[in-house]
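**Student:** Build me a structure from this.
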Amino acid sequence: MAETTLQTHDVVNQSSDYAGFNAFRSDPLLRHLAAEFGDATLLALEQHGRFCGSAEAHDLARLANTEPPKLRRFDEKGRRLELVDYHPAYHALMRRSIADGLHASLWSGPVEEEGFRHRARAVRFYMTAGVECGHLCPITMTSAAVAPLAAAPEVREAWLPAIATRQYDPGVKPPLTKAGVTLGMGMTEKQGGTDVRANTSRAVDIGNGRYRITGHKWFMSAPMSDAFLVLAQTADGPTCFLMPRRRDDDMLNGLFIQRLKDKLGNRSNASAEVEFIDAEAVRIGDSGRGVRTIIDMVTLTRLDCALASAGLMRGALAEAVHHCRERQVFGNVLVDQPQMIRVLADMALDVAGATALSLRLAESFDRRSQDGDGAAEAAWARVMTPVTKYWVCKLAPALTYEAMECLGGNGYVEDGRLARAYREAPVNAIWEGSGNVMALDLARVLRQDPDAFETVIGLIETDLGVTAGGTPGVLRAALSMALSDEGACRLFAEQLALAGAAAALRRLNAARAADAFVDTRLGGVFRHTYGMLDLRHDSRAIVDNLYPPIR
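**Tutor:** Numbering: from 1, shown residues only. Coordinates of the predicted model:
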């Protein structure tokens, strides 16, 4: 029999796997922001960055999204379970993020982070979002849910020790017997959505601040959380409650999962439709004041939405830049092709602006209660929370698509990370308030505190310095328009976001990026696509400064 030689091909001209780097060290904006942090915090960020850039982290992210969570309502004997099974990689990511304090460091973090708790957590959260966003949903909800618990001091005192531990305990048992707990939220119902005042779930007072709730929730994310903040109607109106998933006797607490949502993205994390039948809950805050009770929680979740979208964009573009540095086309690596480098640089400006603006919002949360400039920072937080959430989250789908296109077909297949990023990108623009809701929130602040906008414009003008030009005048004109026409609030939000992002870049001493951002976003022409920089800007320098080579 004649011998045969199997012929195959070598894999050449493909970029290497994008892993084995430090997500903190490789990001100049994060390093500059953290310059004032203490040594212990910097070491923790280095360690977290090393994990976020590791092959292990990216493989856990891949695995956690290969099999969506599955509903298991009964055991083999017919007993109700009402459980959701997650891939082990999801639990591994949860364990790591909780060990690093993403769920509770705002409330019980290291003493050395006093004065910059929000910023230190924001950096960790942002880096994690560049790896996997789905598991960050219960992380965000747990962190944010602590805020409204302040309206029920006895409840907060009982639950905070279990929340603040850095142990992940996915076991099914009474919450306060566990090594650590997570909290979820159930606000929206099918007939109301964002209009939570239209909720029909009813709460019946059974004494001592305890109630039984009957009704439903249309979206309840992370249904395996140990307790949920929910809104239900009392005789006084919408009221906030804390509802454990299991009762103290280890029995089901009247929460029945109807189905899991089949979502476009966010696949590692479960979202459920749930019915309540006499579910026991404790009231948080005054009866009828539920919307006011949850305001601080909503503000914190909106910051996380912006941070997650910025981190997702950073991860997507960093991979595109890495690919373009190694892939050759027509005799040159892609990054040396004139069209490609301008596309990358243009995208890098948006990611830098989104990152700087999100971190600037976290800074305002840290400084708003401090002496001196606290009032001005409180104004920034009040005005710029809906603005930041609106603009940053809306950038993500278009930018992740463009990053995907940089990899061509390799970006479009599910084997790679960019397809997952693209599916994930829209969720933060929808969750915790769509674009129109953010514009309406901006209109509400306009009516309640118009002076806050003059404070914000003044802060932007100060940070922009000599590059401010006519920006303050443009913002005041947009403000005037929005005051007389609520429908113009989207336009006003975008103008504020662009100016705020430019000012935040200047504040981070990212001079080259700030100059190009001001020139193209504040003074440039309207455009729909990336790659519109001209020769006035050194595109290669912008990319190399913001995305230094990892090897």
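
**Student:** residues contacting K389?
**Tutor:** K389 sits next to R302, L303, C305, A306, N428, E432, G433, M438 when contact means C-beta atoms under 8 Å, 6 or more residues apart in numbering. Heads up, the C-betas are built off the backbone N, CA and C, glycines and all.

**Student:** What residues of the host helix or strand of the third one count as buried?
**Tutor:** Yep, that's C305 we're talking about. Element membership of C305 [criterion: DSSP states H and E] is helix 295-326. Judged by neighbour count using 16 or more other C-beta atoms under 10 Å, the buried positions of helix 295-326 are 297-325.

**Student:** Same question for stretch 273-284.
**Tutor:** By neighbour count, with 16+ other C-beta under 10 Å as the criterion, the buried positions of stretch 273-284 are E273, V274, F276, A279, E280, A281, V282, R283, I284.

**Student:** What average pLDDT does stretch 319-333 get?
**Tutor:** Rounded to a whole number, the mean pLDDT of stretch 319-333 is 94.

**Student:** what does stretch 134-152 give?
**Tutor:** 97.

**Student:** Using PDB, write out every CA atom in that stretch.
**Tutor:** Taking Å, rounded to 0.1, in the frame of the first residue of the first chain, the C-alpha atoms of stretch 134-152 are listed here in PDB:
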ATOM      1  CA  GLY A 134     -23.500  39.200  33.300                       C
ATOM      2  CA  HIS A 135     -22.400  38.300  36.800                       C
ATOM      3  CA  LEU A 136     -22.000  42.000  37.600                       C
ATOM      4  CA  CYS A 137     -25.800  42.400  37.700                       C
ATOM      5  CA  PRO A 138     -26.200  40.800  41.200                       C
ATOM      6  CA  ILE A 139     -22.900  42.500  42.300                       C
ATOM      7  CA  THR A 140     -24.400  45.900  41.300                       C
ATOM      8  CA  MET A 141     -27.800  45.200  42.900                       C
ATOM      9  CA  THR A 142     -26.300  44.000  46.200                       C
ATOM     10  CA  SER A 143     -24.100  47.100  46.500                       C
ATOM     11  CA  ALA A 144     -26.900  49.500  45.500                       C
ATOM     12  CA  ALA A 145     -29.600  47.900  47.600                       C
ATOM     13  CA  VAL A 146     -27.700  48.800  50.800                       C
ATOM     14  CA  ALA A 147     -28.500  52.400  50.300                       C
ATOM     15  CA  PRO A 148     -32.300  52.200  50.800                       C
ATOM     16  CA  LEU A 149     -31.800  49.900  53.800                       C
ATOM     17  CA  ALA A 150     -30.800  53.100  55.700                       C
ATOM     18  CA  ALA A 151     -34.500  53.900  55.800                       C
ATOM     19  CA  ALA A 152     -35.000  50.800  58.100                       C
END
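
**Student:** Check the offset of it from the chain's centre.
**Tutor:** In terms of C-alpha atoms, centre = their mean, to the nearest Å, the centre of stretch 134-152 is found 13 Å from the chain centre.

**Student:** which of the residues in it are buried?
**Tutor:** Of the residues in stretch 134-152, 134-149, 151-152 count as buried by neighbour count, 16+ other C-beta under 10 Å.

**Student:** Could you do stretch 71-80 as well?
**Tutor:** Counting neighbours by 16+ other C-beta under 10 Å, one finds that the buried residues in stretch 71-80 are L71.

**Student:** where do the strands sit along the protein?
**Tutor:** Here the chain has its strands, by DSSP state E, at 70-74, 80-85, 183-186, 202-207, 210-221, 227-234, 237-244, 255-260, 271-284, 328-329, 332-333.

**Student:** name the helices or strands packed onto the third one?
**Tutor:** Same thing as strand 183-186. For strand 183-186, the packing partners by 3 or more C-beta pairs under 8 Å, 6 or more residues apart in numbering; DSSP states H and E come out as helix 136-149, strand 210-221, strand 227-234.

**Student:** okay, the ones you listed in a markdown table with distance to A403 next?
**Tutor:** What follows is those, written out as a markdown table (distance: least, C-beta to C-beta, whole Å):
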| stretch | distance to A403 |
| --- | --- |
| helix 136-149 | 20 |
| strand 210-221 | 26 |
| strand 227-234 | 35 |
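
**Student:** mind checking which of these is nearest S369?
**Tutor:** When the helices and strands packed on strand 183-186 are compared for distance to S369 using C-beta to C-beta, the nearest one is helix 136-149, at 13.5 Å.

**Student:** what's that closest one packed up against?
**Tutor:** Under the contact criterion of 3+ C-beta pairs under 8 Å, 6+ apart, helix 136-149 touches helix 88-99, helix 105-108, helix 117-129, helix 153-164, strand 183-186, strand 210-221, helix 295-326.

**Student:** buried residues in the fourth one?
**Tutor:** The neighbour-count check on helix 153-164 (16+ other C-beta under 10 Å) flags V155, R156, W159, A162, I163, A164 as buried.
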